[in-house]
Every structure is written in C-alpha cells, then in structure tokens.
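Visitor: here is a sequence together with a model predicted from it:
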Amino acid sequence: MRASRSGNIWKNVDWITIGVFAALAIFGWLNIYGASYTFDQTSIFDFSNRAGKQFTWMMGSLILGFVLLMIDYKTYDTLTYIAYGGMLMLLLATPFLARDIKGSMSWISLGPVSLQPAEFAKCIVALAVAKYMGRYDYKIRSWRDLIVPFALIGVPALIIMILQKETGSALVFAAFLLVFYRQGMSGYVLWMGVAAVALFILSIRFGSVPLPWGTGSVGILSCMLLLTLVEIYFICKEHRVRWQALIMVGSVVLIYGLSLIVNIWVSVPFDWISMGVVCALVLYNIFVSLYWRKYILLVLAVFTIFCVGYTHACDFVFTHVLQPHQRIRIEVLLGMKEDPAGAGYNVNQARIAIGSGRFLGKGYLNGTQTKLQFVPEQDTDFIFCTVGEEWGFVGSVAVLLLYLYFILRLIFIAERQRNITTRIYAYSVASIFLFHLMINVGMVLGVLPVIGIPLPFFSYGGSSLWGFTMLLFILLRLDAARMEQLN
Amino acid sequence: MINDKYYRRRYVISGIAIAVVLVYIIRLFYLQIIDQSTRDQADNNALVKQTIYPSRGLIYDRNGELLVFNQPIYEVTLTMRDMGKEWDTLAFCQCMQISREEFDARIEDIKDRKKNRGYSRWTPQVFMSQLKKEDVATLQESIFLFPGVQIQKRTLRDYTYNAAAHVLGSVGEVSQNDIDRDDYYTRGDYSGRDGLERTYEKQLRGEKGMKVLMRDVRGRIQGSYQDGARDVTAKAGTDLYITLDIQLQLLAEELLAGKIGSAVAIEPKTGEILALASNPSWNPKVLVGKERSKNYNLLLKDPTKPLMNRATQATYPPGSTFKTVQSLVCLEQGAITPNTLYPCSGPGSTPIKCTHHHGSPVALDRAIEQSCNPYFWCAFRDLLQKDGYGKNNEDFRHRYELWRDAVMSFGLGQRFADSDISEQSSGSIPSTKLFDKFYGKTGWKAITIRSLSIGQGEILVTPMQLANQAATIANEGYYISPHLNKNDSMLTHRHELAIEKKHFEVVKEGMRRVMIYGTGRHFAVDSLHMAGKTGTVQNPHGRDHAIFIGFAPVEDPQIAVAVVVENAGFGATWACPIASMMMEQYLTGEVKRTDLRKRIGSTVLNESVKKW
C-alpha cells in the first residue's frame, strides 16, 4: 500500500506547475548571470559569481523539492502548529543572532551562507492559517471568527516589521486578505483597503494643494466628495423608495451649486462644506439605522467617521509614523519630489534600463545599464530591469504572462481540492506569489513605492528561492494526495 | 471540488491577478514603446564616445620631397584609483626627471576640479603631455612598477627642412571662435592656424573617428560597445603636393640671411610659386608642441616682425621695376611707339633727374636698359595729356583712370582673390578719388603725380605682385594667379591682359639689355638668357630698398623672380644677384657662382635680424 502510494506521487504531481516553476527559475538564473555579468567573467557556473552561486541554490532547491514530495502528506498537517511555534521562536531570536545588514536584522549567518528566516515563515504561516481555517466547524460568520487568523499572520508580521526592521517581508502577510476573502470575509474589507490607500494618496499628495477657487485644499475636497458618493450609494441601496434617494442627491447637488454661486462674491471653504454634507449623511445614517434597526448603516456611519478622521490623520501618519526613507520613497513615487541622485535614483535608473530595451531588447548580455551596474540591486530586487533591458517589451510581457499563468494555475489547483485546508493553503500560495509579483514589478516599473521584496525564482538569493520552493512543493505534495485524502 | 457559496470569488481573485499583469503590461508599453527619452539617457549613462584623431595629411614639394610629416609624441596619464599604497613616487619622479615638488604640484592641479573639470579617480588623467620618445623611454621600461600609469601616443607636426615657415604655416589649438564656427572642432583639437596648414585645413585634417566605449557606474571603461558596431573609423588627411621647389626655397632663404626682405619665384606659364621666402623667419619646428605658445610670443615681440610674410604682406613702391609696366601701358594706349625718342640731360633733367649717364635722346629699349627717369616721365605725361585736360579736368582724369585700369590688370595693387595664399596685402594703385581728395578735382595735373611715372609715390605693391608682373611680361600678356597647390585646377584662372603681344617684344628686349648692358650686367649668366629690371626705391625712413624683377630664359621663360631687400641700397647690388642665383639654381639645378653665393649669403645688412 505504502509502496504504491509513493509510486503514485510522480503520476499525481502537477507537472505543468513544476514545468513553469523550472522555466521561471532557469530564466531568472540566466538574467542573474546577465545582471552580474562583467567583462572578466568566465562561466555561468563559476561559484565565485552570483550566477554560479544561484546555480548551487537551484540544485539545493531541486533536492528540497524532491524531499518535500517524498514526505507523507499527513506529516505537514501534524507538524503545522509545532512548526509555527518553532518559527515564532526563531523569528524572535533572529534579531539577536543577526548581523546588521543595511539596517535589516533578518539575516542569520551560517558559515559562508546567510539565511533569512522570514522567507520560510510565509510557508509555515500559510500552513497554520490553512489548518485553523480548514477545520470542519470553522466558518466566517462575524468579525470575531477572523481574530485568530489575523493573529496568526499578524504576530509574525509584527515581529518581522518591528524587531527585524524588514517592512517589505512583513507586508507580504497582507496577501492573506485575499485568502480570507475567498473564505467568506466581507468584500468591504478589501474595498476599505483600496479606499484607505486612495484616501491616503489624495490627502498626502493633494492635501496641501489649494483649490483654484474658494478656500480649502484639493485633497480634502476630493476625499469628502468620495465619501459623499459612498454614503449616497449605500443609502440608495438600502432604501426601497427611490424618491428619498433622489431628494438626497438633489439636495447635495443644490448645496454645491449654491456654494459655487455664492463663491462669486464671498470665497467659500469648500472642504468644510463637504465635511458638513458628510456629517449630515452620517447623522441620517445613524438615525435610520436606529429607527429601522438596520445596523449595516450604523457600520457605514462609523466607517465614514473613521475615514474623515483618517483623512485628517494621514498627514500625521505620514510625517511622524513613517521612517524618513519610506516617506521619501512615497514622495518620489507620487511625484512630490525629484531626487534622481538620492531616493529616486533606483527608480529612475530602473526606468532608463527598462525603457532603453525598447521592443525587442538589447539582446542577452548586451544590456549596458545593468551590465555596467547603473541599477543598484540589479540581481536581487531589481532583476526585472535586466529582463526589460535585454529582452525588451516582448521578453518582459512574456515573463509577466508566464507568472500570470503560474498564479492562475495555482488558483485552478486550489479550486480542485476536496480538502478545505489544502484549498486554503493553495490560495495562500497563489496570493503570496501574486503579492510578490505585484509589489516587486510595480516597484521596478515605478508605479509602487520602493519596497524591497524579491521577485519569486528570479531574484538572486538562496533563502527566498528555498522559501518559495517550500511554499510550492508542499502544495504540490498536498495536491498530489487529493485523491487519497477522501478515502 | 467543494462548491461553497463563495465559489465565484475565485473569479474576483483571478481577475485581480489579471488586472495587475495588464496594468504592468500597459506600463511597460509606455516605458518601452512610447517614451523615447530613455534611450538617450541610457546612452548618456553608459556610453563614452572617444575620439580617434586621424593623422594629418603630409606636405610634399613639387618634386615629391617630403616637407611636413607627423612625429609621435607621448602623453603620460595617471588613473588615481589604481595607484596603490606601494606606489613609489620617488622612483616615478626619477623616471620622469622631475622633482618631488613638481610631482605634488601637478597632482594637486589634476585634482583641482576648478582647473580640471573632468576629473575622476577612475579615468586616466593627463599628467604630462607632449613628451618626446626619449622622455618616456625610461618610464616605458619600468611602467609595470607603476600601476595606473599609461603612456599614450599622439602626433605633432615635424619638418624635414628648416625652411618655408611662412608658406607652410603651423598647427595650433583651436580657439573658441573656431569651435563656434565649425562643429567639427571641440576644445583641445588642433587646426591649421596660418599658411597652407590653414588654407588646406579641411583637406589635411581628415575626418575624426569615434570609438564608442562602455563605462560603468563609476566611470571605469569596460570595453567596446557592441563589439565596435557603432564605431567610426578615422579618415587620414589627404596629402598636399605644393608648387615650391624646396632647393630653390632653401637657396632663397640662405641668400636673404641677415637681411630684411623677400624673394618670390613663379613659373610663368602656370602661376605656380616656386619659392616664397621672407626674412626674418623661423625654424618651423619651434612652433610645435609645448614650446609653441612661448615661441609664438617671442616671435610676436621681435621688432623685425618675423611673423609677417613680407613676400605677400609687405608693400613697397615698385620703383624702376615699374617702368616695364609703364612702357607697356604707354605703348598700348598709344602715347609712344618703340621709336619714340625723348631727350635726357642726365642728373640735370627736370622735373625728374636721371640717375644714369647715357646718350640722348633715347628710344624705349635703351630707356629701359638705362632706367632713364626722364623718358618715362615724358611718356607718362604724354599719355595722361593725350586728350588735353578738358572741362573740369575730365579728360585728364579719364586718361588717368584708363592708365590705372591697365596697370591693375597686371595684378598690381590688389589681392589675388583666387589664390590659396590667405595672408596677402592688396597694395594700392592710387585712384582719382584719392587725388581729388588731396588736390580737388581740377587741382592735379600730370606734373602733380609725376613720381608715379617711375614707380614712386603713392603706388604700393607686394613682392608677389612684382613676381607676377614679371611672369606676365614673360608670358606676353597673361598670368595665372600665383598659387601653392600643385594641381592643375588653377590653370583655368587665366587673366588675359588687353595689351597687344607685339608691345611685349620691345619691353622684353629692353629687359634683356638690362642684363647685358645695363644695371644687371654684373650678375647675368650668359647661357641662361636672363631678362630683368632693377629698382631702387626711395624710402623716407632710411636707406633705399633694393628691388629686382626678372625672368629667364628670355625666349621661353621658365622662371620669373622678384626680390626685395629692405634698406639695402641699389637694386643692382643686392636684389639682382639673389634673383640671378635663384634663376640659375632653378634652371641648372645648381649655383656655380659659389663665391658670390657665399658673399651674399653671409652679408649681414641688418644686425637685429635673426633666424628663430
């Protein structure tokens, strides 16, 4: 019985995913060679250069993958919480064992190599979350049911962010929001996240931009108008009688119209008027929710009040909570600061490297920007520059599409599971890869702020490659066992 | 598969993934396809364009003798970053034969970004330049001891002969003006500053090449870009063959030594300049390399003005040599015939006395032979008064205009616009306007301007114009503008004179007689059939200038010469022997009169003249 099962693993394992994984890793390895290529370079296998080292990591990752596939699938479930506890201990211990590398305390030296425990934490957290949420009696009925999952991801994230000072690695845990969403968490939470980002950008970028007419600032006015629209949308949704909604829309339009006319003689503080409108809507919500016992409107009212506070607090968060280097990265991204020699240097050089690749690229090993080291971190976080420069638009799009296929394949694998734990784990894997892809490429393309997290399989580094290998091959092992699990 | 009520959310999550990738593809499309600015920025980042200097064209004389070529010079550069701690500064100083203090001062200059704006620790910086091969020989042997030191080769002009400095000109660093005018040049480039080097700059300089190199983020050169696909090879300058006969030029300069003056020889049929010597002069080698600016300033300060090319830029009254032109114009315009006789009372003649004693009356050929001043005054007067003076002096002034036009048709009193010699003075033949201004329209008569008849007064010509005048007479009525480029392109620049050919015969006969019976007789070589005319030009500032024009052989002239020696006295004494020996040299290939050659060449007439 045992013999036949281990024979089955090679038949049941998802070879397509392994193929895509191998393609990405090999292409990544070629690009690391390209990025660290200099003129006295000898061989891609030479251990003294990064491509040679990466080759060693890849061999290790193959062995690791093989071992993970050979382990009985039940072992993972059994060991999950023990591993989670051990991982927390390791994360806590890391800052004390680690050397300070560029302000980060996340690397443990083991002889000639360094390991970053945070890279392996993702996998264990995913297993723990899957195990907890995969129980038969678990269902997301209210926000209370999400306390434990949020704690499972929040504790390691906070340790990594505060003790190890690795904001990027910690942010990755936000990817689990998608998993929770799939498991039934309200979609409003995602929208709230989007709204929070939008409000943040509006109030930071335009908070101090005065209105061309009247008094007040563009940022505050936009935030308030946005909130007014959200309020009106929900009120309309809740009311069966449309004329009430019409009256509401009409009066808001009337208020702004009158203000505009008055503005001809007396300058009107538009953002304060908007604030008043929002307050009126909130009060109406509270009244309605109490009168007709529609508590969802109460939630909306609270949310709106929170948003108004948030909008006004953004500036404080921005100037006092964020680290100076993080602040500058955001300012550069939002175009508030030009700093091509300092904080904007990476992004600007990355833009030049990618842009100069044009349609077909400069050809493998012919990229001048990356080869001549104009782009910092070009073989780790900024590896996508090499792709853009040497392989051009065609190569970059091909890589992106391959990733997209990879992620969609993982979602496909997730949905074919009969075991909820495995499905949750699969979604975790897909979400983590999606998050890495989005943040890393977004940063290189200059649409997201600089957050130092690796591009899976592409960026140089043993820890991240092995971390992703673990994440993926445990999924493949569980997926291969999906037939047995129901037996 | 478990169908739960949130099953459809898989599409939302897939949609998010697709949306992210789609946004990034659009962003990539913008960056890589639409935005054009990044390509240049990338090139500016990574590519260095290194100029490859072409070798400048060589200059040969008419017989293929190499006159100007290129010599290699060396530049020692330092790359500061590569100079390690063990770098032995003292040993290096010994190799370069400089003191430790000089070394330190030079290093300080290199590092001073105010003086050296392109300073970088990673790129080679010029430490010493324009070194001779001997200067770098020691360093070359032990260069492996000094990491970061490189020896680079460039070229400078070098000269086979210590001669023809004015003609050849020199090469120097371009000025801001040149850079603004011609974008071929950049700061630090060299171009021809004067002489032929300037006139034929475009031909000689060739085309600069370009090597596209890659440099890394620290400015270190990392090799050729795309294996040299974008490199441009330098095109060497085209060699220049000039009309000078270097042996004749050397002789002319030798004979002019110790005197201020010039000598010009022209091949009459072609207008090719065989020799163009001006003294004082300099060895062309002194205006090369690092000594150039120092020596140039010394030349500039020399009171004898060696930088001036007297052969083309100095102007003198032509004196008696002008009588040949006077004869031709008077014959052509009908004032005299070859048989016209005028009386001469020798030194007692009025209004112009004669400087010679000869029979009276004289005809034209003998008048030329004896350089009879009264004859030419009478002829000039009769020419100008041919129609009387007329109302308001009109007829006289008209005659004067005709005379002036005819004189100028010999190329006198104006620049040769089609010549390739850029340093030229025009000289002048006074216009009616000038005399009108002095005397009023009716205030001047033939007698007023009598000194013009014998080539004195307001008339000014350059030695090259005089040589061209001799060539025109030798050609019997045409000249080709004197030039230095030995291709036949100038043959079409033929200037025909409106003077009948027969008139030249009598003038030529007169000039032949000068060399047989007249002022030039002592220096004629009988077998060479020379013709000539001496001139002694009164000089208000000092001794007379000695002038001679001539050509030979008279039947088929091969060479026309003009010689001017300033403050030398009689033309016959100094200018004539120089011209005579030049004609002998050119026609026979040697000067048999070695004693005369030695005597003329070693005579110092002006103590302050020196050869630089």
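Guide: That came in fine, so what should we check first? Numbers count the residues shown, from 1 in each chain, chains lettered A, B, ... in the order given.

Visitor: give the residue spans of chain B that score low on pLDDT.
Guide: B:1-3, B:44-45, B:117-118, B:122-123, B:187-188, B:215-222 (pLDDT under 70).

Visitor: any idea how far chain B is from A:Q323?
Guide: 26 Å (Cβ to the nearest Cβ, to the nearest Å). Yep, even glycine has a C-beta here, placed from its N, CA and C like the rest.

Visitor: burial measure for that residue, as a count.
Guide: Other residues near A:Q323 come to 11 when the count uses other Cβ atoms under 10 Å in any protein chain shown.

Visitor: do B:S481 as well
Guide: 19.

Visitor: can you check B:E108 too?
Guide: 10.

Visitor: B:E566 contacts B:G261, doesn't it?
Guide: Yes - between B:E566 and B:G261 there is a contact under Cβ atoms under 8 Å: 5.3 Å.

Visitor: the more surrounded of these two?
Guide: Counted by other Cβ under 10 Å, B:E566 and B:G261 do not tie: B:G261 has more neighbours, with 31 against 26.

Visitor: can you tell me the closest non-neighbouring residue to the more buried one?
Guide: Once flanking residues are discounted, B:G261 sits nearest to B:V565: 3.8 Å by Cβ to Cβ, 6 or more residues apart in numbering or on different chains.

Visitor: quick check: that neighbour vs chain A, distance?
Guide: The spacing between B:V565 and chain A, counted by Cβ to the nearest Cβ, is 67 Å.

Visitor: and what of B:L307?
Guide: 50 Å.

Visitor: what is the burial count for the closest residue to that residue other than its chain neighbours?
Guide: Once flanking residues are discounted, B:L307 sits nearest to B:L299: 5.1 Å by Cβ to Cβ, 6+ apart. B:L299 has 20 neighbours, counted by other Cβ under 10 Å.

Visitor: contacts only, for B:L299.
Guide: For B:L299, the contact set (Cβ atoms under 8 Å, 6 or more residues apart in numbering or on different chains) comprises B:282, B:287, B:306-307, B:612.

Visitor: give me the residue from the stretch 201-350 of chain A nearest chain B.
Guide: Residue nearest to chain B within the stretch 201-350 of chain A (Cβ to the nearest Cβ): A:Q349, separated by 7.7 Å.

Visitor: who are the packing partners of the host helix or strand of that residue?
Guide: Using DSSP states H and E, A:Q349 sits within helix A:345-355. Packed against helix A:345-355 by the contact rule (3 or more Cβ pairs under 8 Å, 6 or more residues apart in numbering or on different chains; DSSP states H and E) you find helix A:368-371, helix A:383-415, helix A:420-444, helix B:37-46.

Visitor: pick the most deeply packed of those.
Guide: Mean neighbours per residue, mean count of other Cβ atoms under 10 Å in any protein chain shown, is largest over these for helix A:368-371, with a mean of 28.

Visitor: that helix near chain B anywhere?
Guide: Yes - using Cβ under 8 Å from any Cβ of the partner chain, helix A:368-371 comes into contact with chain B via A:368-369, A:371.

Visitor: ok, for the residue positioned nearest the centre of chain A, nearest residue in space, not its chain neighbours?
Guide: With distances taken as Cα atoms, centre = their mean, A:F435 lies nearest the centre of chain A, 3.6 Å away. If the residues on either side of it in the chain are set aside, A:F435 comes closest to A:A175, at 3.7 Å by Cβ to Cβ, 6+ apart.

Visitor: quick check, the one you found in contact with A:V429.
Guide: No - counting by Cβ under 8 Å, A:A175 does not reach A:V429; the two are 9.7 Å apart.

Visitor: surely B:L434 and B:I459 touch.
Guide: No - the pair B:L434 / B:I459 is not scored as a contact, 11.0 Å apart, by Cβ under 8 Å.

Visitor: the residue of the stretch 201-350 of chain A closest to chain B touches A:P376, doesn't it?
Guide: Yes - in this structure, A:Q349 is within contact of A:P376 by Cβ under 8 Å, at 7.4 Å.

Visitor: those two: which has the busier surroundings?
Guide: Ranked by neighbour count (other Cβ under 10 Å), A:Q349 and A:P376 place A:Q349 first, with 24 against 13.

Visitor: roughly how far apart are the residue nearest to the centre of chain A and A:M470?
Guide: 17 Å (Cβ to Cβ, to the nearest Å).

Visitor: follow-up on the earlier one: so who does the residue nearest to B:G261 touch?
Guide: Contact analysis of B:V565 by Cβ under 8 Å, 6+ apart lists B:256, B:259-261, B:545-547, B:574-575, B:578, B:605.

Visitor: hmm, 6 Å instead?
Guide: B:259, B:261, B:546, B:574-575 (Cβ atoms under 6 Å, 6 or more residues apart in numbering or on different chains).

Visitor: OK, now which residue of the stretch 351-500 of chain B is nearest to chain A?
Guide: Residue of the stretch 351-500 of chain B nearest chain A, by Cβ to the nearest Cβ: B:S422 (45.9 Å).

Visitor: from B:L196, how far out is that residue?
Guide: For B:S422, the distance to B:L196 (Cβ to Cβ) stands at 9 Å.

Visitor: do the same with B:A19
Guide: Distance, B:A19 to B:L196, using Cβ to Cβ: 73 Å.

Visitor: neighbour count winner among these two?
Guide: More crowded of B:A19 and B:L196, by other Cβ under 10 Å: B:L196, with 27 against 11.

Visitor: from memory A:F359 sits against A:W391, does it?
Guide: No - with contact defined as Cβ atoms under 6 Å, A:F359 does not reach A:W391; the gap is 10.4 Å.

Visitor: just the helices in the stretch 1-150 of chain B please.
Guide: Taking DSSP state H, counting those that start in this stretch as the criterion, the stretch 1-150 of chain B carries its helices at B:9-29, B:37-46, B:89-96, B:100-111, B:133-141.

Visitor: how about those in a markdown table, adding distance to chain A?
Guide: Output for those, formatted as a markdown table (distance: least, Cβ to the nearest Cβ, whole Å):
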| stretch | distance to chain A |
| --- | --- |
| helix B:9-29 | 4 |
| helix B:37-46 | 3 |
| helix B:89-96 | 27 |
| helix B:100-111 | 22 |
| helix B:133-141 | 26 |
